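In: A predicted structure for the sequence below; I have some questions about it.
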Amino acid sequence: MSKKFSQKDVYEPSEETRRYAWVNNERIYEMALDYLTFWDSVAKNDIEWFEPYREVLDSSNAPFYRWFVGGKINITHNCLDRHVETKGDKTAIIWQGEPENEKERITYRELYRRVCRFANALRALGVRKEDVVTIYMGMVPELPIAMLACARIGAIHNVVFGGFSATALRDRINDANSKVVVTMDGYYRRGKVIETKRIVDKALEGCNVESVVVLERIGNDVNMVDGRDVWWHELEEGLPNKCECKALDSEHTLFILYTSGTTGKPKGVLHVHGGYNVGTHITTKWVFDLKDRDVFWCTADIGWITGHSYVVYGPLSNGATVLIYEGAPDYPQPDRWWSIIEQYGVTVFYTAPTAIRYFMKLGEEWLKKHNLSSLRLLGTVGETIDPKAWKWYYKYVGNERCPVIDTWWQTETGMIIIAPLPGITKLKPGSVTLPFPGILVNIRDEDGNPADSGELVIMNPWPAMFRNLWGEPERFVKQYWRLDGSGRLIYYAEDGARRDGDGYYWIIGRIDEVLKVSGHRLGSAEIESALISHEAVSEAAVIGKPHEIKGQVPIAFVVLKTGYEPSVKLEKDLKTHVRNEIGAIAVPEEIYFVEQLPKTRSGKIVRRILLAIEKGEEIGDITTLEDVTVVERIKDVRRAK
Ligand code: WT7
């Protein structure tokens, strides 16, 4: 074991946290070793079923696992109906607009009614079970309302992050074969209006969509296409605020969510009602130790999996109060988040390392202006949090009272997989600690043998696991699942990891060509294909360069077609092009025009070499390159800039 892993830096759960916690018996891990019995008891104790399932897990067609076989369920029953009876007047959603005077509190009863009404509206449009509804909105209550309305009638939602461009939106609408789009006129970001509907109009130039529902949020001018576009409030007029909760098969698809991988084409990750409900419910409850009086704020955009699982479904299934904030973290001032925490008495706060690093850089003064004593637990997700940022978060946000809960998971896993349980787990800054009860995690070396360092794998299926990739079952099987020596099918996470002497996990980062830019997942290949789609570009390679706040930023190496010359203007054009193709988050920080890319004799681009050049590190072995002189020539281009 390397020295780095002999840990002196250990934080024990406080007496108060331990006493208060849902889980305060260390034996839980042992008790959950029989994982099917464990998940069976969670599903029975915490989730309501219209009809009981016959079998916890069916592995007969692995990796197409089926959970809670034969059960009938609807996740919206567990998120709404059952709470209306017991706590209808409790606040479900606190919404804060970016303008300070725009806010709203929605009780469980009101949320239930609004979901039902919109579900009826979707039905009126002709949306039926299994139809795909694409949702492209900012952070307003109607976004979760639209998601829940889809789920209620058995339709499949396909939420596209509001920061994606018209082209990226079009690709996702078309790939999902979606006939209905739900959107809005616009929303606020940094005091400006983002004109969402305008982006949708552009996206729809290349789509065959039947209807577009438009929420009026701002009142800005929008173009309504006759026979296709309809206002949300007009569609709802006269519709009842009750709508039958469709009893669905446990394995009925709940949503598609596109995420980046190694190829240019994003993958449509599929999740289902039953297992996803069970997995997100119990992880929300135990990892965040959520109680009835909590105010839970997960700052993720609902357009990403973190928002699906821990803004919408997990907390609502627990009957919690969630906070949704529309705007930028530092608008109008860098203390906006802290002022929101103070104003609403947020108790559990879940954010990303990139945000923590950003606020760390701005300085503690902004925090000290506010009383943050309502906080009792802090979470983090999206990339590795370095011990320095961990300790800053612990000290200045949590005032050394709140455990920092680092959670590892993915769009594919649907639910948190590795994280501390606040009442029992000792914390080590920088470590995601231990797998959640009922989940068996391990590490494999390059030959597929168990090791203390290598690729992170999950050994058993888990309830909220993705069930497939939309339209790409072969890719689902090939990409993620491998048989080990004993014939066991194992999930490969594509993350590098180490385990220390205490069995604690330390995540190193992606081992594939996937970048994490401010916590957002982007494929090198995706940005490369955006660049190549520009008329001037013949070839492109994109790497993730380490960045102090964003974690990584994309850097592009571009080979131009004959007839095109490098210029400042062309560089600007290419950046705009990437912004239009994918979105602002994908724009390369730097573009280098090179004559050639480093390639192996078989023609594979060796991005590792570009990264080493960019970081000014030893290049290592280049003998496999087709042309070794390319390295020096690329270095010259960088120096000249
Ligand atoms: C990738 C998944 C679902 C969470 C949000 C991102 C990285 C996630 C951690 C963590 C180190 C982390 C991994 C993973 N990641 N959480 N706590 N420590 N790395 O979901 O966009 O699907 O990205 O995020 O590299 O593979 P995603």
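Out: Noted; the coordinates are in hand.
In: which residue ranges form the strands in the stretch 101-250 of the chain?
Out: 103-107, 132-135, 156-159, 180-184, 187-189, 192-194, 211-215, 229-231, 248-249 (DSSP state E, counting those that start in this stretch).
In: where does this protein dip in pLDDT?
Out: 1-8 (pLDDT under 70).
In: how is it carved up into domains?
Out: Per the record, the chain has its domains at 15-328+408-478, 518-640, by the TED database.
In: Let me have the ones you listed in JSON lines, extended by distance to Ala493 and mean neighbour count.
Out: Bear in mind the C-beta positions are built from the backbone N, C-alpha and C, glycine included. As requested, the domains of the chain are exported to JSON lines (distance: least, CB to CB, whole Å; neighbours: other CB atoms under 10 Å):
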{"stretch": "domain 15-328+408-478", "distance to Ala493": "4", "mean neighbour count": "20"}
{"stretch": "domain 518-640", "distance to Ala493": "13", "mean neighbour count": "17"}
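In: Now render the ones you listed as JSON lines, adding distance to the ligand.
Out: Shown next, in JSON lines, are the domains of the chain (distance: least, CB to the nearest ligand atom, whole Å):
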{"stretch": "domain 15-328+408-478", "distance to the ligand": "3"}
{"stretch": "domain 518-640", "distance to the ligand": "3"}
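In: Adding distance to Ile341, write the ones you listed out as JSON lines.
Out: Listed next are the domains of the chain as JSON lines, based on distance: least, CB to CB, whole Å:
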{"stretch": "domain 15-328+408-478", "distance to Ile341": "7"}
{"stretch": "domain 518-640", "distance to Ile341": "20"}
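In: between those, which one is nearest to Pro353?
Out: Evaluated over the domains of the chain, closeness to Pro353 peaks at domain 518-640, with 6.8 Å, by CB to CB.
In: Nearest to Phe466, out of the strands of the stretch 101-250 of the chain?
Out: Nearest to Phe466, of the strands of the stretch 101-250 of the chain and by CB to CB, is strand 156-159 at 13.5 Å.
In: who does that closest one pair up with?
Out: strand 132-135 (parallel), strand 253-259 (parallel) (DSSP bridges).
In: Could you save these as JSON lines and add columns showing distance to Glu474?
Out: Shown next, in JSON lines, are the strands paired with strand 156-159 (distance: least, CB to CB, whole Å):
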{"stretch": "strand 132-135", "distance to Glu474": "21"}
{"stretch": "strand 253-259", "distance to Glu474": "17"}
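In: Which of those sits closest to Val594?
Out: It is, among the strands paired with strand 156-159 and with distance given as CB to CB, strand 253-259, at 29.7 Å.
In: I'd like the next helix or strand past that closest one.
Out: Downstream of strand 253-259, the first helix or strand assigned by DSSP states H and E is strand 267-272.
In: name the helices or strands packed onto the very next helix or strand once past that following strand?
Out: As assigned by DSSP H and E, the chain's next helix or strand after strand 267-272 is helix 273-287. In terms of contacts (3 or more CB pairs under 8 Å, 6 or more residues apart in numbering; DSSP states H and E), helix 273-287 is packed against helix 35-46, strand 66-69, strand 72-73, helix 75-76, strand 248-249, strand 253-259, helix 314-317.
In: how about a markdown table for those, with distance to Lys569 added?
Out: A markdown table is the format used below for the helices and strands packed on helix 273-287 (distance: least, CB to CB, whole Å):
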| stretch | distance to Lys569 |
| --- | --- |
| helix 35-46 | 58 |
| strand 66-69 | 55 |
| strand 72-73 | 57 |
| helix 75-76 | 51 |
| strand 248-249 | 54 |
| strand 253-259 | 32 |
| helix 314-317 | 48 |
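In: what's stretch 597-616 in contact with?
Out: Outside stretch 597-616, the residues that touch it by CB atoms under 8 Å, 6 or more residues apart in numbering are 513, 524, 539, 541-546, 555, 557, 559, 618-620, 622, 624-627, 630-631, 634-635, 638.
In: one step back: what's the closest of the helices and strands packed on helix 273-287 to Asp301?
Out: Proximity to Asp301 (CB to CB) singles out strand 253-259 among the helices and strands packed on helix 273-287, at 12.0 Å.
In: and the closest one, how far out from the chain's middle?
Out: Here strand 253-259 shows a centroid-to-chain-centroid distance of 11 Å under the convention CA atoms, centre = their mean, to the nearest Å.
In: ok and that strand relative to helix 273-287, angle-wise?
Out: If you take axes from the mean of the first three to the mean of the last three CA atoms, to 10 degrees, strand 253-259 sits at 70 degrees to helix 273-287.
In: got a list of contacts for strand 253-259?
Out: Under the contact criterion CB under 8 Å, 6+ apart, strand 253-259 has outside partners 75, 130, 132, 147, 150-151, 156-160, 172, 175-176, 266-273, 276, 304-305, 308, 411-412, 467, 470, 521.
In: if you set the cut-off to 6 Å instead, what comes out?
Out: Residues outside strand 253-259 that contact it (CB atoms under 6 Å, 6 or more residues apart in numbering): 151, 156-158, 172, 176, 266-273, 276, 305, 411, 470, 521.
In: Okay, angle between it and strand 267-272 too, please.
Out: Here strand 253-259 runs at an angle of 160 degrees relative to strand 267-272 (the same axes, to 10 degrees).
In: With just CA atoms, put strand 253-259 into PDB.
Out: The C-alpha trace of strand 253-259 is given here as PDB (Å, rounded to 0.1, in the frame of the first residue of the first chain):
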ATOM      1  CA  THR A 253     -39.500   2.400 -19.100                       C
ATOM      2  CA  LEU A 254     -39.500   5.600 -17.000                       C
ATOM      3  CA  PHE A 255     -37.000   7.700 -19.000                       C
ATOM      4  CA  ILE A 256     -34.200   8.000 -21.500                       C
ATOM      5  CA  LEU A 257     -31.300  10.200 -20.700                       C
ATOM      6  CA  TYR A 258     -28.500  10.800 -23.200                       C
ATOM      7  CA  THR A 259     -25.000  10.700 -21.900                       C
END
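In: Would you state the strands of the stretch 501-641 of the chain in chain order?
Out: Using DSSP E, counting those that start in this stretch, strands in the stretch 501-641 of the chain cover 505-510, 514-517, 520-523, 537-547, 551-560, 590-593.
In: residue furthest from the geometric center of this protein?
Out: Gly563 (41.8 Å; CA atoms, centre = their mean).
In: what's that one sitting at in phi/psi?
Out: phi 100, psi -10 (degrees, to the nearest 10).
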